[in-house]
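*Asks:* Just to be clear, the model below is a prediction. Sequence and coordinates:
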Amino acid sequence: MMVVAALLSLLLVWLFIRVSKAQGWGQPVRADGPQTHLIKEGTPTAGGVAFVLALALVFFPLYFTGNAGGPRELLIMLTALGMGVIGGIDDFLKVRSRMKGSGKKELIAREKMPLQLLVGLLFGWFAAPLAAHELVPGFGQIGDTILLALVMIGSVNAFNFTDGLDGLLGGVAIIVLLPLLALSPVSALLVAVLLGFLWFNAHPARVFMGDMGSHAIGAIAAGAYVLYADVWLLPLAAIIPVVAVLSVVIQVVSFRTRKKRVFKMSPIQHHFELSGWPETHVTLRFWVVTAVATAAVWWILGGRP
């Protein structure tokens, strides 16, 4: 079924690009960013909508016929769709604003965070009893629920900040999920649909992922590690998303307190671009770092698939 998922993703992403170009949906590019990105102005965005749809179209028939795992898998998938919808609203606002030349450009943090918190708490409440052991000793399910909600929200935003270079997030996500392919059907199917997406997202990208895709990826990564591995191993495997979100936090805090920037631009992948690294070098080197970190996770797990 991974082959079916990959081919369906390939088809839906191709159709999405055709429709996007016909409708004039495109990604605006920051004028203060790397100058090499200016040629990307107008490239179709929100391609994550296509591969998330492909994921759902393959997963649910498998699940309801008993071929896609049990409650853990349904919980991961529903959480991914919940977070994906939040990101999808962001994508819709960005596209509509660009098309109309006015209007609300995106969800701001104080609008997005309550929605992410709601989905995160629902995930935590249902995931806590399925965890192998109590995560917050002495606080029971409530403590575990809060911790898992924070992990879910952190993962979604970290993977979201990792997007921005051709092929970067898709490749990082595939590597991070490799240790869990034989354990989590949703993870395996996500890897498959991402392969279909990367056919068009590889440099030079013909489509960008957008927030729906990055939010869904972050949710599946968090859910799979919480329910099948160890929640504390996720930050190691996802070292690049962790560094990306930390770079944003450091940049914001430094500018607000000292009026100085630590990085030339955040997230950190753009800092390296502005330091002279070609985009393809940044992407490949971040993949390599992720591969080393994920190999360490695999070793910690005892070499299990």
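*Replies:* That came through fine.
*Asks:* What separation do you get for the residue lying closest to residue 267 once chain neighbours are set aside and residue 256?
*Replies:* In this structure, residue 267 finds its nearest non-sequential neighbour in residue 244, 4.2 Å apart by Cβ to Cβ, 6 or more residues apart in numbering. From N, CA and C alone the C-beta is placed, and that goes for glycine too. Look at residue 244 and residue 256: by Cβ to Cβ, to the nearest Å, they are 19 Å apart.
*Asks:* More neighbours: the two, which one.
*Replies:* The neighbour count for residue 244 versus residue 256, taken as other Cβ atoms under 10 Å, is higher for residue 244 (27 against 8).
*Asks:* State the distance from the most centrally placed residue in the chain to residue 24.
*Replies:* With distances taken as Cα atoms, centre = their mean, residue 214 lies nearest the centre of the chain, 2.9 Å away. Separation of residue 214 from residue 24 (Cβ to Cβ): 23 Å.
*Asks:* Check residue 172 too.
*Replies:* According to Cβ to Cβ, residue 172 and residue 24 sit 30 Å apart.
*Asks:* same question, residue 240
*Replies:* For residue 240 relative to residue 24 (Cβ to Cβ), the value is 33 Å.
*Asks:* cool, residue 171 as well?
*Replies:* Counting by Cβ to Cβ - residue 171 and residue 24 are separated by 29 Å.
*Asks:* Could you check which helix or strand contains residue 88?
*Replies:* Using DSSP states H and E, residue 88 maps to helix 71-100.
*Asks:* Next SSE downstream of that helix?
*Replies:* The first helix or strand that comes after helix 71-100 along the chain, using DSSP H and E, is helix 109-127.
*Asks:* Show me what that next one is packed up against.
*Replies:* helix 71-100, helix 140-162, helix 210-228 (3 or more Cβ pairs under 8 Å, 6 or more residues apart in numbering; DSSP states H and E).
*Asks:* With distance to residue 116 as new columns, can those helices be given to me in JSON lines?
*Replies:* Below are the helices and strands packed on helix 109-127 laid out as JSON lines (distance: least, Cβ to Cβ, whole Å):
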{"stretch": "helix 71-100", "distance to residue 116": "6"}
{"stretch": "helix 140-162", "distance to residue 116": "5"}
{"stretch": "helix 210-228", "distance to residue 116": "8"}
